[in-house]
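Engineer: how would this look folded up:
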Amino acid sequence: MVVRAPGRLIEEAIRKAPPVYTLAARNPALDLPLDGNHVYVGTDGCGVEVIDIRTGERRRSVLHDVEDIARVADCLDEVAFHWVPVSAQDCPPESRGLHELLAIWKNSTKHVQTESIYSGSEARAAAEMAAVLAGGKDALRKRPLLSIMECTISPLAHDGGSLDAALVGAEFGLPVGFMSMASGASSAPATLAGNLVVANAEVLSGLALIELAYPGAPVFYAAAQTVMDLRTGAYTGGGPEDFLFGAATNRLADFYRVPLSMGSFATGAKEPNWQAGLENSLSTFMSSMARSDMLLGVGLLNGSTVWSFAQMIMDCEIFGIIAKVLEGIAVNEETLAVEAIREVGPGGTFLTHGHTKKHMRELWLNSFLDRRPWSVWEKKRDGAPDWALDKAKSILETHRPAPLNPELEQELRRIIASIKP
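Structural biologist: Alright, predicted model coming up:
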């Protein structure tokens, strides 16, 4: 069960992949061109527990959680697309991934990328559901509302069901990616370069398979490498090695001229705290500065296993800061403001000048950084996690996404019901 292929065969196959394409959304205004000039962030997945937004207790994730998270993500400008965020463990295993997709499509008009479809039959049903929403199979090829990501098995292996699902996705024209989560010192060499070699081989083997079966199919490189915690053997979910992988993997994806979906955020912290802010900021900054096309993703704690609405909102603030940094500094006659500086002169103020009024709204405004006077903070003793949780609750109470057509929803449910144990 080991495949050995000449390097030439792999490289020729990869060259058939399109370097640029678009991830379509139910709302065309939210389409995502993967052209190397944008960095998009999505939710993370697929967690198995949730910190309940009302009780604060940690519990097993269910379908209703998928719906709530999708509704909050639909409202947040920072979130450009959905990963299935948590597992709907109250649904049958053989059709669970389909119930999750329907839950998101019912609650958002943004693009959906699933990483929880693991068989050919389920992938075919998912593609048929996407075709119903798109208006037919031909329409889906032109506007893929769904993309599929499959994980490799490190080191140097694939799961048969995942390969079947990826091939079905490519058959329908859906963008397909493979993600390595190679862990240094356990499922990959301890050296960073060695880890990249293992991960690269895993991803390329999957992408080449797709291109050999369906030349020209849209594919993407995906990675979320890490290193083993030397004290416990656990997944780290953050650290300097992870941050370097974020930048290095982008160079590999650029070399092969395919878009990149990069694991970001996914802190190992147990609550929204200093560790979560540090790990998520640095991992996202490195991947963003390298211009990764897709970043995954906001909302999860404990190494992508426990969902937190507060962390989701705070992660969006982190990405908002980084997105502003990516804009750089525009230098032209207007932004240099020489005339305004001349008019204000030494000792003056720009507060009342027209140039300030014209440009002040271009400055980034924080939502959750605490810039209050000490006396105000000392009296209230609240902070970002409290405010973020309040915002998530407010969105759930007030945001009403564009609904699915009832007839379309009925057809999607019929497809799901056709999947037998």
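
Engineer: Can you name the element that comes right after the longest helix anywhere in the chain?
Structural biologist: Looking only at the chain and at elements set by DSSP state H, the helix with the highest residue count is helix 192-213. Moving toward the C-terminus from helix 192-213, the next helix or strand (DSSP states H and E) is strand 219-223.

Engineer: So which bits of the longest helix of the chain are buried?
Structural biologist: Within helix 192-213, the residues that count as buried by 16 or more other Cβ atoms under 10 Å are 192, 195-196, 198-212. To be clear about C-beta, it is placed using only N, CA and C from the backbone, and glycine gets the same treatment.

Engineer: Show the secondary-structure elements that it is packed against.
Structural biologist: helix 7-14, helix 160-171, strand 176-180, strand 183-184, strand 219-223, helix 240-256 (3 or more Cβ pairs under 8 Å, 6 or more residues apart in numbering; DSSP states H and E).

Engineer: Can you give the domain ranges for this structure?
Structural biologist: Structural domains assigned to the chain are 7-327+403-414, 333-362, following automatic domain parsing.

Engineer: and these as TSV, adding distance to residue 381?
Structural biologist: Formatted as TSV, the domains of the chain follow (distance: least, Cβ to Cβ, whole Å):
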stretch	distance to residue 381
domain 7-327+403-414	16
domain 333-362	31
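
Engineer: Can you say which of those is nearest to residue 376?
Structural biologist: Checking the domains of the chain against residue 376 by Cβ to Cβ gives domain 7-327+403-414 as the closest, at 19.7 Å.

Engineer: Now do that closest one, average pLDDT.
Structural biologist: For domain 7-327+403-414, mean pLDDT rounds to 96.

Engineer: rewinding a little: so of the helices and strands packed on helix 192-213, which one's packed in deepest?
Structural biologist: A comparison of the helices and strands packed on helix 192-213 by mean neighbour count, using mean count of other Cβ atoms under 10 Å, puts strand 219-223 on top with a mean of 29.

Engineer: C-terminal to it, what's the next element?
Structural biologist: Moving toward the C-terminus from strand 219-223, the next helix or strand (DSSP H and E) is strand 226-227.

Engineer: what are the pairing partners of that following strand, and which direction each?
Structural biologist: Using DSSP bridges, the strands paired with strand 226-227 in its sheet are strand 183-184 (parallel).

Engineer: mind listing the helices for the stretch 1-150 of the chain?
Structural biologist: Remark: helices assigned in the stretch 1-150 of the chain by DSSP state H, counting those that start in this stretch are 7-14, 63-75, 96-107, 120-134, 137-142.

Engineer: And the second one, what's buried?
Structural biologist: Spelled out, it's helix 63-75. Going by neighbour count (16+ other Cβ under 10 Å), the buried part of helix 63-75 is 63, 65-75.

Engineer: got the angle between that helix and helix 96-107?
Structural biologist: Orientation note: helix 63-75 sits at an angle of 40 degrees relative to helix 96-107 (axes from the mean of the first three to the mean of the last three Cα atoms, to 10 degrees).

Engineer: what does the fourth one give?
Structural biologist: Our comparison of helix 120-134 with helix 96-107, counting by the same axes, to 10 degrees, yields an angle of 10 degrees.

Engineer: what's helix 120-134 packed up against?
Structural biologist: Under the contact criterion of 3+ Cβ pairs under 8 Å, 6+ apart, helix 120-134 touches helix 96-107, helix 137-142, strand 146-151, helix 160-171, helix 406-417.
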